[in-house]
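Student: next input, structure requested:
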Amino acid sequence: MQIASCLAFGVQLFRGVDMDVEDEGSDAENEAARPAWNSKLQYILAQVGFSVGLGNVWRFPYLCQKNGGGAYLVPYLILLIVIGIPLFFLELSVGQRIRRGSIGVWNYISPRLGGIGFASCVVCFFVALYYNVIIGWSLFYFSQSFQQPLPWHECPLVKNKTTMFVVPECEKSSATTYYWYREALNISDSISESGGLNWRMTICLLAAWSIVCLAMIKGIQSSGKVMYFSSLFPYVVLICFLVRALLLKGSVDGIRHMFTPKLEIMLEAKVWREAATQVFFALGLGFGGVIAFSSYNKRDNNCHFDAVLVSFINFFTSVLATLVVFAVLGFKANIMNAKCVALNTKKIVALLGNEVSHDLIPHHINFSATVSAEDYQQMTEILRGVMEKDYPRLGLDSCSIEEELNKAVQGTGLAFIAFTEAMTHFPASPFWSVMFFLMLVNLGLGSMFGTIEGIITPLVDTFKVRKEFLTVGVCLLAFFIGLLFVQRSGNYWVAMFDDYSATLPLLIVVILENVAVAWVYGTDKFFEDLKDMLGFTPFRFYYYMWKYVTPLLLILLLGSSVIQLGMTPPSYSAWLEDMASEKSLKYPPWGLGVCISLVVMAIMPVPVVFFLRYFNIIDENAGVVSTISYKKAPSPGDLVDSP
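Tutor: All right, here's what the predicted structure looks like:
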């Protein structure tokens, strides 16, 4: 009884004064006045483009490999059905029903919850700041791919007075690693050393923001047309890469390694937590982009079908990208293994007659020809068995395709180092490099369109400003703030924003969204609205998910994320030029302050709007933070007008 009383009090606290909502004009007038998608296909492509992003290509494969290979797909699919689809359906429904952006939607349901929409806008802005930098990096690599050989094909040579020698930093690492950290980023040794602007990346960032601005300036009328290319082109490239990779030696080794299930890992709580987090971010929940896009739909659109379709397209895209990544990495692992075998074979030949007896070498092995991996394996097994304790003194490196494939990489390390290295061994490598980085640009742009729409739509709905002026203003502001990310220390700022600006704030936002619909507005009433909208009653499954299961799972996910952050001191991976390697460094005190500030600033609108409404600093009946007018009514159950 006490729990029920507390819950009832909390719901009443959020509802505040009993209110009814009057739209500005009738439904028919809103339907006519609000822009609409030219076609259902355009809308689906927009949602797919927003949800399918860079994370599908460079994070999902890493998580799959790290968390049990093919077995990871089981918890991911379960959580997609239990958390992902219900919450995605919820956001599509409220956007389509209320036909406003995130600020207007949550003001509509309860004025005291209007801060949820502002929090979504802040998170979208933070994410857009660094996400477009990654698009800028991809544009730079794209522009450098029209060369034969590719500029990261081999280490550069420098000349002194008498000799030519390889750049030491490159010799200690690799050609692609050196090109990424020194040629592309010209990175500093720590976040405290800004190092000034990288002018090439500044130009690329300006180009990226110019593309976004031009594509978004007319809203969905302009971005919708771009979606036909930006959403479909990545699939063409992924399929081409898969076909090409499968024809390369070693690709099957990579795929076999990827999908060999490690079932025992499925019992670990960490696997389920990481799967839930990936589901959550893969669908773009909490950003406001999903709500913004769906707000331009007709009221009777079947958003349930859309939710299921887009969710499974997202899932199958992740699986397709995983196949491509590990087919290519399997090919790269075979190349690296062959180099290792050749190097060790030279060492063994040099030791013949001294450390190694000729009698220990199988007679069929011919050192004048290339020694195969199988023959090398047989030879080293004999040497290891006979020499035992003396074997380590030979100084042979460990050569194993499995070990190469176990070197898990994600994010920029996968796209700009591992994948670029693999492509240097492709026939016609410049062509594949152009295709790959053009695909990354399009994947990034699709997500950026949804992210910027999550900012523009609610602000236009709320403050009635010209969309063109607001779009240009937001893009200009973001570009100038984004100069922080194109300093020599910019990569460290990207990592900081990626780690701290979105994860916790978005979890809190989505928990509040779920509670607002299921408990403040009421699941029963929401089901009636859905029946009125869709023409049929959704499965009862969603009722229990929204009311009980997803809030509980989201709170558990939030708790585990907070614990994870508490157990792991904030740190970043710095590239040290002298060592030519990465090293984990702790953030300086001011860096910790920035990390905390990012989380606080993103969440701050929620309590601020709540207290402003609660203490009548902004009158709950006045609608100052919304374009909706409110008036007293018998009950909060009448919040949504009849069609």
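Student: what about the stretch 201-350 of the chain, any weak spots by pLDDT?
Tutor: Of all residues in the stretch 201-350 of the chain, none has pLDDT under 70.
Student: repeat that with 80
Tutor: Applying pLDDT under 80 to the stretch 201-350 of the chain picks out residues 221-222, 224, 263, 350.
Student: helices of that one, residue ranges please.
Tutor: 220-246, 251-259, 269-282, 289-294, 303-351 (DSSP state H, counting those that start in this stretch).
Student: quick one, which of these is packed in tightest?
Tutor: Of all those, helix 289-294 has the most neighbours on average by mean count of other Cβ atoms under 10 Å, namely a mean of 30. (Glycine included, C-beta is placed from N, CA and C.)
Student: please name every helix or strand in contact with that one.
Tutor: Applying 3 or more Cβ pairs under 8 Å, 6 or more residues apart in numbering; DSSP states H and E, we find helix 289-294 packed against helix 40-51, helix 85-98, helix 102-109, helix 429-463.
Student: relative to helix 303-351, how tilted is the last one?
Tutor: An angle of 150 degrees separates the directions of helix 429-463 and helix 303-351 when computed by axes from the mean of the first three to the mean of the last three Cα atoms, to 10 degrees.
Student: mind listing what's buried in whatever helix or strand comes next after helix 429-463?
Tutor: Going down the chain from helix 429-463, the next helix or strand is helix 467-482, by DSSP states H and E. Within helix 467-482, the residues that count as buried by 16 or more other Cβ atoms under 10 Å are 467, 470-471, 474-475, 478-479, 482.
Student: out of those residues, who's nearest residue 57?
Tutor: residue 482 (22.3 Å; Cβ to Cβ).
Student: what's the neighbour count on residue 156?
Tutor: Other residues near residue 156 come to 14 when the count uses other Cβ atoms under 10 Å.
Student: roughly how far apart are it and residue 424?
Tutor: Distance check for residue 156 against residue 424: by Cβ to Cβ, to the nearest Å, it reads 14 Å.
Student: same check, this time on residue 99
Tutor: Distance of residue 99 to residue 424, computed by Cβ to Cβ: 51 Å.
Student: please identify which of these two sits among more neighbours.
Tutor: Between residue 99 and residue 424, counted using other Cβ under 10 Å, the more crowded position is residue 99 (24 against 19).
Student: report the contact partners of the residue lying closest to the more buried one once chain neighbours are set aside.
Tutor: Using Cβ to Cβ, 6 or more residues apart in numbering and skipping residues adjacent in sequence, the residue nearest residue 99 is residue 295, 5.0 Å away. By Cβ atoms under 8 Å, 6 or more residues apart in numbering, residue 295 lies in contact with 34, 95-96, 98-101, 105, 457.
Student: dump these to TSV, plus distance to residue 596 and pLDDT.
Tutor: As requested, the contacts of residue 295 are exported to TSV (distance: Cβ to Cβ, whole Å; pLDDT from 0 to 100):
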residue	distance to residue 596	pLDDT
34	39	81
95	32	95
96	37	94
98	34	92
99	37	91
100	32	92
101	28	91
105	29	93
457	30	93
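Student: present the residues you listed as CSV; the columns should include distance to residue 444.
Tutor: Formatted as CSV, these follow (distance: Cβ to Cβ, whole Å):
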residue, distance to residue 444
34, 28
95, 23
96, 27
98, 29
99, 28
100, 27
101, 22
105, 27
457, 20
